[in-house]
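Engineer: structure for this input, please:
(one chain, ligands or ions: 2)
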Amino acid sequence: MWTKTGVKPSIFRENSDVLRETMRNKCLTVVGGGQMARALLCGMLDKGVIAASDVRVVEPSHSGCDWWAKNRPDVPVGDNLASDVAESDIVILAVKPYVIPKVANQSASFWDGKLVISIAAGVTLETLCSLIGHDRVVRVMPNTPSLVGAGASAFCVAADVAADDKAWIESSLQSIGVVAEVEESHMDAVTAVSGSGPAYVCLIVEAMADGGVFAGLPRDLAMKLATQTVLGTAKMIAETGRHPGELKDSVASPGGTTIAALRVLEQNGLRRALIDAVVAAANRSRELK
Ligand SMILES: NC(=O)C1=CN([C@@H]2O[C@H](COP(=O)(O)OP(=O)(O)OC[C@H]3O[C@@H](n4cnc5c(N)ncnc54)[C@H](OP(=O)(O)O)[C@@H]3O)[C@@H](O)[C@H]2O)C=CC1
Ligand SMILES: O=C(O)[C@@H]1CCC=N1
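Structural biologist: Ligands and ions are numbered 1, 2, ... in the order given. From the prediction side, this is the model:
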């Protein structure tokens, strides 16, 4: 049933107030109210691009429901998949990859007329379309910084996704960060770089702060400095468009502190470890099919 659409990768685009118009009058159900659903939905609600009254979350666990009741009591949360889906225009599947077949494999007309979006790592459009029973299906790989409007998402679409559907996806993801449309063959690599990436960066911030503590700083100050350094450096790379290697060189004075540190990082294989980590994540994403 599924056919490849042959899309060309798009360039990253900035948020746009105009595109938010496409969000209006759509009812959205999010199936699975865990970490990524929270980041996506809370980011979109905080940005005001969708109203809590137009959203439902399907979440079976008590702890999951408690989180929503405590943090976003305005969002209706329940466990009746069928009735929430029936009332929706768009459904986001935000469950673990191995739960996708259980949720998606429903009776014949269950998904009729619904735009179905999966954020599950590794689960292909072909699998999704065959479970859903139609080809109006999108695969998105978001990331957790969506929670604070600084996400990085990529998506690919199956054959029957209309221009309006794509506009909705793009505008909603743009409201919480940057977005690119990609060929499906790139989704494993996307998952490895930006989907899993926040974990690598958190590890780096934590380790930099640990180093600061070892060197005598109070923990809170070390964490604040490490966090702002990562944030500021990422902003500088994004806003100046200068190559990170050039910006790295601009910090390293001859015979200075930075080059002493860079030598240790190279000796310990940081660069290689990060490359290997991304490759391992991409391989794991391929295995999840
Ligand atoms: N976390 C991340 O950074 C990212 C995750 N993703 C993808 O997002 C998806 C969700 O990941 P994540 O949010 O981390 O996972 P979580 O475990 O935090 O969230 C999944 C939620 O779905 C619930 N759930 C389980 N079964 C059902 C069901 N039948 N119907 C409805 N809800 C159900 C789970 O409840 P319970 O706990 O009781 O099982 C849980 O609350 C995954 O497929 C992952 O690949 C994509 C990008 C980034
Ligand atoms: O670890 C995972 O499988 C998910 C996908 C990307 C980020 N978290």
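Engineer: can you confirm residue 187 is in a helix?
Structural biologist: Yes: judged by DSSP: H, G, I helix; E, B strand; the rest coil, residue 187 forms part of a helix.
Engineer: give me the neighbour count for it.
Structural biologist: Per other Cβ atoms under 10 Å, the neighbour tally for residue 187 reads 25. Where you see a C-beta, it was placed from the backbone N, CA and C, and this is true even at glycine.
Engineer: residue 253 now?
Structural biologist: Residues lying near residue 253 (other Cβ under 10 Å) number 9.
Engineer: nearest residue to it in space, ignoring adjacent ones along the chain?
Structural biologist: residue 259 (7.3 Å; Cβ to Cβ, 6 or more residues apart in numbering).
Engineer: same check, this time on residue 217
Structural biologist: Leaving aside its chain neighbours, residue 217 sits nearest to residue 225 (7.5 Å; criterion: Cβ to Cβ, 6+ apart).
Engineer: helices of the stretch 1-150 of the chain, start to end?
Structural biologist: 35-47, 62-71, 81-86, 100-104, 125-132 (DSSP state H, counting those that start in this stretch).
Engineer: packing partners for the fourth one?
Structural biologist: Helix 100-104 makes packing contacts with strand 90-93, strand 115-118, helix 125-132 when contacts are defined by 3 or more Cβ pairs under 8 Å, 6 or more residues apart in numbering; DSSP states H and E.
Engineer: any idea what residue 55 is bridged to?
Structural biologist: For residue 55, the beta-bridge partners under DSSP bridges are residue 28.
Engineer: grab the longest strand from this protein for me.
Structural biologist: strand 151-157 (DSSP state E).
Engineer: any part of that one near ligand 1?
Structural biologist: No: Strand 151-157 does not reach ligand 1 (Cβ under 6 Å from any ligand atom); its nearest approach is 8.7 Å.
Engineer: wait, does that strand contact ligand 2?
Structural biologist: No: on the criterion Cβ under 6 Å from any ligand atom, strand 151-157 is out of touch with ligand 2, staying 11.4 Å away.
Engineer: who are the packing partners of that strand?
Structural biologist: Counting contacts by 3+ Cβ pairs under 8 Å, 6+ apart, strand 151-157 packs against helix 35-47, strand 137-141, helix 163-174, strand 177-181, helix 187-190.
Engineer: of the ones you listed, which is nearest residue 218?
Structural biologist: When those are compared by Cβ to Cβ, helix 35-47 sits nearest residue 218, at 29.7 Å.
Engineer: name the residue of the stretch 1-150 of the chain that lies nearest to ligand 1.
Structural biologist: Residue of the stretch 1-150 of the chain nearest ligand 1, by Cβ to the nearest ligand atom: residue 34 (1.8 Å).
Engineer: neighbours around that residue, how many?
Structural biologist: Number of residues near residue 34 (other Cβ under 10 Å) recorded here: 17.
Engineer: what's the answer for the one 10 residues further on, then?
Structural biologist: Burial of residue 44 is recorded as 21 neighbouring residues (other Cβ under 10 Å).
Engineer: around ligand 1, which positions in the stretch 151-289 of the chain sit nearby?
Structural biologist: The stretch 151-289 of the chain has residues residue 195 near ligand 1, with proximity defined as Cβ under 6 Å from any ligand atom.
Engineer: enumerate every residue touching whichever residue of the stretch 151-289 of the chain sits closest to ligand 2.
Structural biologist: Here the stretch 151-289 of the chain gets closest to ligand 2 at one residue, residue 195, 3.3 Å apart by Cβ to the nearest ligand atom. Residue 195 sits next to 121, 141-143, 281 when contact means Cβ atoms under 8 Å, 6 or more residues apart in numbering.
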